[in-house]
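Enquirer: the sequence and its predicted three-dimensional model are supplied below.
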Amino acid sequence: MERRDGFGKLRRKAIWVGVSVGLVATIGQGCGGNGDDVGGGETSSERSALGQDTAPVFKDSRTPPPVDVRWELGARETLTVRGTMPFRVKNTGTSARTIRLALVSSGAGGLVAQTDLGSVHLEPGQSTTLRPGLDKLALRSANVSTQLVVQAEYETDDGHTVRVSAEPRFYHSSPDGRATMVYDVETMVRDYGGGLVPGQPPVAGYDVGAAGTKLEAPATQGYLQGPTTIALGASADHAEVATDSAQTVIPAAPPGAGQRVCTTWRVSFEDAGFGEDYGTAQGLQDLPAAYTYATVKDSNQAVKWQGYLDGSGCTPYLALGVGSFTLEQKSQLSRNGANVNVYTRLFGNQFIWVFNTAFTVTNGSGYTTVQVVPPVQVCTTNVNGVVAQMLRTIDNGFQAGTYTVFSNTGCPGMNAWDSCAVGWSAYIGQLYPDGSSDVNSKIIIAHEIGHTVQSVAMGMLMTNYGGDWDAPQFCNCSHIDDPQGINNLHCLQSKEYVSAAELEGFAQFMAAKTWNNPAETNCGWAYYKPFREHQGEFGSVIVAPPMARICGTPPGASGLSWMEHNCALNMTNHGVEWDWQQFLWDVTTQGTTKSTMADLYNIYKTSAACGGSCNGKDVHWADLESSARAYYGQADPRYANWVWRANNAGIDH
Ligand SMILES: [Zn+2]
């Protein structure tokens, strides 16, 4: 069952305009910044975020999907009527693929229009450049920047549809229609008012496609949504932390009337729809901006309300009345004292991003929900959407304090595209040389933040990814091509020294928990590196990511027990992260004798191995078993469940 607070309305609101076509063509990838940052070299702000620099770094990178699409446009281009928007699509995988291409325009008021560009068939390693003309732009405006996504869609080997997109671009036309400016998000923020082009009179609606049809924002019940602009807030050098005290400005709505303002983060994930429960759509989708810091201002810029939105991404009912307002939402989120600041690199520095959306209340009587849908999908909105979902999770495991996510930023000291976690900070890397950024993976983002959650709550276990040296091929990562030496340090199926399996298993569990309903028994998710599967009696086949995997044990079934089934020699004090993911999911979400996250942390911390903090400790199963017995007592059914679930998942070695 999916939580869909305020969502039915939202879906109906988006208008999808199918603008024909038979052309073959185009590209894509999607983060936010320019690609001029080389290396993961840390800035002073990043260094300060590291805090005590003895904290271990957890190296993770995904393998991007085997289709890459990216613009061959500069950061800022002025195109005449005969201009084209070239992009390249490449098959980076090992099997031939048919790739369907489309341009998707997202405009003010929630309008979305898609132009199909046909399909291309590419052999492994083959690429092609397509050059759609401006007549393929389905929405046109002179005063508002419209987002342009080039989308490449293919079928995975296991029959899932994946949509990969290029780095976002934006565009607007000159008032006479003779020129079209196409630019990246940095140019939009610097030169075009963050999306409201300076000096241009407001224009109602959009011109649609070559036919010039006028398209108005859809009529809504008692309100209209205007344009959205992006501004930059505090930089990481001068961190501004919103606090709960700001929530005191809450004018109560009069009895029987009031307007509640709800908003969303627009996201796009390549690994959506692989058996999980939440955020399952491929391509653009809108997630509730739960627990996001927001401000409602009237037309005089007076603050009508300020604070953190609720778990559905809504303000309380306010006495707004008829009039024009602005909703400001920031890449800062907080629930129960757990603050998460999301900084995204632009102009070479890290910033909190601010999204302002104009709206007008036209009917002030009765109760109204003003559903705002900011039509912008960039690096930071992807991360914000994941953080919002993580905070919504029941028993989410976060502790009070301030976490930081640096998006579009490589791990310090590693490649610009490498993601990792260090202490309270998670890093989500930039564009890969030949593949999309980790910011397009909702699993990787939740995984890295999951590492910070564990680090803060109990300390990070000993990191030693050297445990699979004696394992057979189904328990190592030799099938993962990795010239950089990071991606195959560990993988879902690799046999590791047990502490490495535990800490990676915890991060995988956090990703699984973020996107699955704990009240259900069918935990599913997408894994993000190549996986070696059995084929026939003796063979094997390498499956390209993303691929559907289970992340919990169905009721009445035996656990996966990958290590026991595939590399059973020398299991003592060894483990496989997939097995640990399943154990942690099973033991904290299933049945009436489950453990809470607090129980889990306490069992770890009170073990003889950890003795308080687990930082750098090597925690064996025997430690956890005896610690759980001491924590619950021998007769407590939660202790019995702990032992039984461990045995079922095959981690009790
Ligand atoms: Zn990890």
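Expert: Sure thing, it's come through. Numbers count the residues shown, from 1 in each chain.
Enquirer: hey, let's count contacts and neighbours off CA atoms from now on
Expert: Noted.
Enquirer: which stretches of the stretch 51-200 of the chain form helices?
Expert: 185-191 (DSSP state H, counting those that start in this stretch).
Enquirer: where does it have low pLDDT?
Expert: By pLDDT under 70, the weakly predicted segments of the stretch 51-200 of the chain are 51-58.
Enquirer: tell me the first helix or strand C-terminal of the strand or helix carrying Q285.
Expert: Assigned by DSSP states H and E, Q285 belongs to strand 284-288. Next along the chain after strand 284-288, taking DSSP H and E as the criterion, comes strand 292-298.
Enquirer: need the residues that contact that following strand.
Expert: If you take Cα atoms under 8 Å, 6 or more residues apart in numbering as the criterion, strand 292-298 is touched by 242, 303-310, 313, 323-334, 388.
Enquirer: partners of it in the sheet?
Expert: Applying DSSP bridges to the sheet, strand 292-298 is found paired with strand 303-308 (antiparallel), strand 323-335 (antiparallel).
Enquirer: residues of the longest one that come out buried?
Expert: Right, strand 323-335. Using 16 or more other Cα atoms under 10 Å as the test for burial, strand 323-335 gives S324, F325, T326, L327, E328, Q329, K330, S331, Q332, L333, S334, R335.
Enquirer: the third one is in contact with A358, isn't it?
Expert: Right, T326. Yes. Here T326 reaches A358: they are 4.4 Å apart, a contact under Cα atoms under 8 Å.
Enquirer: tell me the spacing between R266 and H479.
Expert: 35 Å (Cα to Cα, to the nearest Å).
Enquirer: between these two, which is the more surrounded one?
Expert: Shown here are R266 and H479; by other Cα atoms under 10 Å, R266 has more neighbours (22 against 16).
Enquirer: quick one: contacts for the more buried one?
Expert: Applying Cα under 8 Å, 6+ apart, we find R266 in contact with L284, Q285, D286, L287, V373, P374, P375, V376, Q377, T381, N382, G385.
Enquirer: buried among these? Need that as a selection in PyMOL.
Expert: A single PyMOL command is used to select the members of those judged buried by 16+ other Cα under 10 Å:
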select buried, resi 284+285+286+287+373+374+375+376+377+381+382+385
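Enquirer: can you tell me the helix or strand for G279?
Expert: G279 belongs to no helix or strand when assigned by DSSP H and E.
Enquirer: and P412, by the same measure?
Expert: Counting by DSSP H and E, no helix or strand carries P412.
Enquirer: next one: N384
Expert: For N384, the element it lies in under DSSP H and E is helix 379-392.
Enquirer: quick one: mean pLDDT over that helix.
Expert: For helix 379-392, the per-residue pLDDT values average out at 97.
Enquirer: what helices and strands are in contact with the helix or strand following that helix?
Expert: The first helix or strand that comes after helix 379-392 along the chain, using DSSP H and E, is strand 401-407. Applying 3 or more Cα pairs under 8 Å, 6 or more residues apart in numbering; DSSP states H and E, we find strand 401-407 packed against strand 338-346, helix 379-392, strand 425-428.
Enquirer: deepest-packed of these, please.
Expert: Neighbour counts (mean count of other Cα atoms under 10 Å) averaged over each of these peak at strand 425-428, with a mean of 30.
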